[in-house]
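Visitor: coords please:
(chains A and B)
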Amino acid sequence: MFLFMSNFSVLITTPPYDSSAGASALTFIEQAIAQGNVVNHVFFYQQGVYHANSFIRPPGDEIAMPDAWRSLHESFGVRLLVCITAALKRGVCDVHNAQEHEINAANMTAPFEQAGLGEFFTALHECDQLVQF
Amino acid sequence: MKRILVILTTPPYGSGDAQDALDFAVAGVNFGHDIVVLFEGDGVWQLTPEQAPPKGIKNVGKRIKSLPLFDVEEIYACKSSVVTRMDSAVLPAFVTPLTEAEKAGLLEAASMVVRF
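Guide: Okay, the predicted model is just below:
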């Protein structure tokens, strides 16, 4: 139980499936919110950007991480910021960038938002805790 | 403004971690935070002098050397990690070695910690 309300920033630097950190992050966020805290945003950096890949299709009995993040956003309005430099380097691309770079498909859609380290550090001014997974 | 401790724990070229951490540190300062850097474990290999990566790969040593120019002024290395791996005489002058107790103090003084 948190003794006082915190405003959290969650930083994801690990990929889905090759690490269980994403699932831990989701549990952490749900619990933090349930206990009255605010989760300001989730920032996906490094291999964390793979969480935003909507082409991901795990076997039916495994959690679909992009969908899990989407439903987290729908339930609690948590902003899902994806470092666009890290994402494009790894083939995670929204419609806008697909057009700009003449790529014939886009695999990153709302509520994932393209962002940069600048947006992350600006939002961080409002937060008092940073948790990395 | 947050005081953010960035801990670098991986070798310079085995992954993109060093580059990503340096981008992270510089962006943090640019957007109004106080960034403190600590090299720990295999991360101290990033401080190896005279690195010569092939074309297309940024020189981590040079990037670290430029950190003070980007207003990242507090740069530390874990003393025991250094002694285990290299001659501590090769450490750049702007890097301050820290004992375990001093490292604990650094962690305590930070408002946020990120590890690469």
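
Visitor: Confirm for me that residue A:116 is in contact with residue A:86.
Guide: No. With contact defined as CB atoms under 8 Å, residue A:116 does not reach residue A:86; the gap is 9.6 Å. C-beta: built from backbone N, CA, C; applies to glycine.

Visitor: between these two, which one's more packed in?
Guide: Ranked by neighbour count (other CB atoms under 10 Å in any protein chain shown), residue A:116 and residue A:86 place residue A:86 first, with 22 against 16.

Visitor: Was I right to think that one contacts residue A:45?
Guide: Yes. Between residue A:86 and residue A:45 there is a contact under CB under 8 Å: 5.6 Å.

Visitor: which residues touch stretch A:85-97?
Guide: Residues outside stretch A:85-97 that contact it (CB atoms under 8 Å, 6 or more residues apart in numbering or on different chains): A:44-50, A:52-53, A:82, A:84, A:101, A:103, A:105-109, A:112, A:114, A:116, B:20.

Visitor: Can you tell me which of those end up in helices?
Guide: Among the contacts of stretch A:85-97, the residues falling in helices (DSSP state H) are A:84, B:20.

Visitor: from the contacts of stretch A:85-97, which would you call buried?
Guide: Neighbour counting by 16 or more other CB atoms under 10 Å in any protein chain shown classes A:44-50, A:52-53, A:82, A:84, A:106-108, A:112, A:114, A:116, B:20 among these as buried.

Visitor: among the contacts of stretch A:85-97, which are in strands?
Guide: The members of those that map onto strands under DSSP state E are A:44, A:82, A:112, A:114.

Visitor: wait, what's in contact with the first one?
Guide: Put plainly, it is residue A:44. Residues in contact with residue A:44 (CB under 8 Å, 6+ apart) are A:12, A:51-52, A:80-83, A:86-87, A:112.

Visitor: 7 Å instead, please
Guide: A:12, A:51-52, A:81-83 (CB atoms under 7 Å, 6 or more residues apart in numbering or on different chains).

Visitor: ok, and of those, which contact chain B?
Guide: With the criterion set as CB under 7 Å from any CB of the partner chain, no member of the contacts of residue A:44 is near chain B.

Visitor: Sweet, I'm off.
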